[in-house]
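Student: Predicted model and sequence below, questions to follow.
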Amino acid sequence: MRYLDLTLPTPAENLALDEALLEEAEASPQPIETLRLWEPARAMVVVGRSSAVAREALVEACRRDGIPILRRASGGAAVVIGPGCLMYAVVLSLRLRPALRAVSHAHRFVLGTLAGALEALAREVRCRGISDLTLGAKKFSGNSLRLKRENLVYHGTILYDFPLEWLDRYLAMPPREPGYRNGRPHREFVANLPVPAAAIREAIRAAWSATEPCLEWPRALTEQLAADHYGT
């Protein structure tokens, strides 16, 4: 698997690159799998592909504080990300892994791989709900996927040193929640994983055997997607 540790200058470019890596894999005659890691330099709200922005984000607070709101290519509810939140994306080939065409299996496979890697660093890491990773009863990672004909991208957040007060400041309560949340507000439901970013990076890279440096990534497509879609 290829490995790309790359944070681009703008929020739009960073979201666009995940989709560009998926499209690159779709267009390739040979299977291409890639693990990408990045970390935002500034706070932003990212809503799901079908999210109602006004319902999931506190739009006036975002506007007042200059927090951009962007829409990702995958599903799920809105999240706040920024410094102290490690982002990952893994592009997987359905030609190599046909069982992942079943979305429920894709969730179990990817989250199980991540949980196995992180459990060695923090013993209470578990998979809970449809697509969460938790430390005890508190969530530190939310995840979503985009499935195409021959590939999927599975991506998400790993909070390790994130200002948790941003959650209540910029996000409404989600329109749906996993049963284990029990109606808890953001600050009572979410926690940071108390592990340094470098250790998290290395654990994830080792779990996916991502040993091949990704020297060529789809720059032109990333720029096009950022300009035509994510930046609007």
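Tutor: Looks like it came in fine.

Student: spatially speaking, which residue is in the middle of the protein?
Tutor: In the chain, the centroid-proximal residue (CA atoms, centre = their mean) is Gly156; its distance is 1.7 Å.

Student: tell me the pLDDT at the nearest residue to that residue once chain neighbours are set aside?
Tutor: The shortest distance from Gly156 to any non-neighbouring residue, by CB to CB, 6 or more residues apart in numbering, is to Asn143 (3.2 Å). In short, each C-beta sits where N, CA and C put it, glycine included. pLDDT for Asn143: 97.

Student: Tell me which residues touch the residue nearest to Ala137 when sequence neighbours are not counted, please.
Tutor: Leaving aside its sequence neighbours, Ala137 sits nearest to Tyr180 (CB to CB, 6+ apart; 6.9 Å). By CB atoms under 8 Å, 6 or more residues apart in numbering, the contact set of Tyr180 is 128-129, 134, 137.

Student: cool, and Arg169?
Tutor: Contacts of Arg169 by CB under 8 Å, 6+ apart are 58, 61, 65.

Student: how near is the first one to Met87?
Tutor: It refers to Leu58. 22 Å (CB to CB, to the nearest Å).

Student: about what we covered before: which of the contacts of Arg169 count as buried?
Tutor: The neighbour count (16 or more other CB atoms under 10 Å) marks 58, 61 as buried among the contacts of Arg169.

Student: Columns distance to Ala43 on top of the contacts of Arg169, output as JSON lines?
Tutor: Below are the contacts of Arg169 laid out as JSON lines (distance: CB to CB, whole Å):
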{"residue": "Leu58", "distance to Ala43": "13"}
{"residue": "Ala61", "distance to Ala43": "11"}
{"residue": "Asp65", "distance to Ala43": "8"}
